[in-house]
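Q: coords below, sequence missing:
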């Protein structure tokens, strides 16, 4: 119903949901920036505390981007998810420069952190696909190249992070399937922008594996010690 209230949020209505969503995404992007800045300015930061804060931020981002699946008919919601999703991801990439030296001593938690962010990048990939499949998607087209570049940087940054560790040999790259927000497969040939960029790839396991479309995502180890969570469609 148009004016139905959400339990616990009496002032949040359908009529102001898009505004609430934008503010929530913007505040989260600022939180990511403060988190990254704290790592940059404090060389003696507590690694465990920094990783915990990063995990909470990444889980919140996933929850917000996941709302596009139930509110994807709103252009403003899709626009906010792309704009601020890219900002959060860029801040996350900067934070990796300061967390990478602790990879060997905090491998499990760092892998969990990457997997949490990866869940959001997969959903952002679906939002990008949705813009291709909609007649009104042209309004979002200018945002897509920025998001795609950020997701591509994420793939290569994770590959660099795992290089030289026991996960390095368990890494491969595969193309994600193209889907809309309803989970239906869509054509990958529908043009979305004019720069001819390839679709972002998703990091997986086995360097010598054939390039292929995948449903799951994550950094894997041969004995599945770091199995990724499958995002429920």
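A: That came through fine. What you see is a predicted model, and the numbers here were worked out from it, not measured in a lab. Residues are numbered from 1 along each chain as shown.

Q: which stretches in the protein count as strands?
A: 172-176, 201-204, 213-214 (DSSP state E).

Q: for the closest residue to residue 102 other than its chain neighbours, grab the count of nearby residues.
A: What sits nearest to residue 102 in space, not counting adjacent residues and going by Cβ to Cβ, 6 or more residues apart in numbering, is residue 47, at 5.0 Å. Quick note: C-beta positions are derived from backbone N, CA and C, even for glycine. Residue 47: 16 surrounding residues under other Cβ atoms under 10 Å.

Q: what's the answer for residue 15, then?
A: By other Cβ under 10 Å, 9 other residues sit near residue 15.

Q: what's the spacing between it and residue 23?
A: Distance, residue 15 to residue 23, by Cβ to Cβ, to the nearest Å: 15 Å.

Q: could you do residue 151 as well?
A: Residue 151 is 24 Å from residue 23, by Cβ to Cβ.

Q: between these two, which one's more packed in?
A: residue 151 (24 against 12).

Q: gap between residue 92 and residue 138?
A: 29 Å.

Q: more neighbours: which of those two?
A: Between residue 92 and residue 138, counted using other Cβ under 10 Å, residue 92 has the larger neighbour count: 26 against 10.

Q: surely residue 36 meets residue 91?
A: Yes. Between residue 36 and residue 91 there is a contact at 4.6 Å, judged by Cβ atoms under 8 Å.

Q: in the longest helix belonging to the chain, what counts as buried?
A: Secondary structure of the chain per DSSP state H: the longest helix is helix 107-133. By neighbour count on 16 or more other Cβ atoms under 10 Å, the buried set for helix 107-133 is 107, 109-133.

Q: show me what it is packed up against.
A: Contacts defined by 3 or more Cβ pairs under 8 Å, 6 or more residues apart in numbering; DSSP states H and E place helix 107-133 against helix 47-66, helix 68-71, helix 75-99, helix 144-162, strand 201-204.

Q: of all the ones you listed, which lies closest to residue 29?
A: When the helices and strands packed on helix 107-133 are compared by Cβ to Cβ, helix 75-99 sits nearest residue 29, at 4.1 Å.

Q: spatially nearest residue to residue 153, not counting backbone neighbours?
A: Counting by Cβ to Cβ, 6+ apart, the residue nearest residue 153 is residue 93, at 5.9 Å.

Q: thought the one you found was touching residue 151?
A: No. Look at residue 93 against residue 151 with Cβ under 8 Å: they stay out of range, at 10.4 Å.

Q: next, count neighbours for residue 42.
A: Neighbours around residue 42, by other Cβ under 10 Å: 11.
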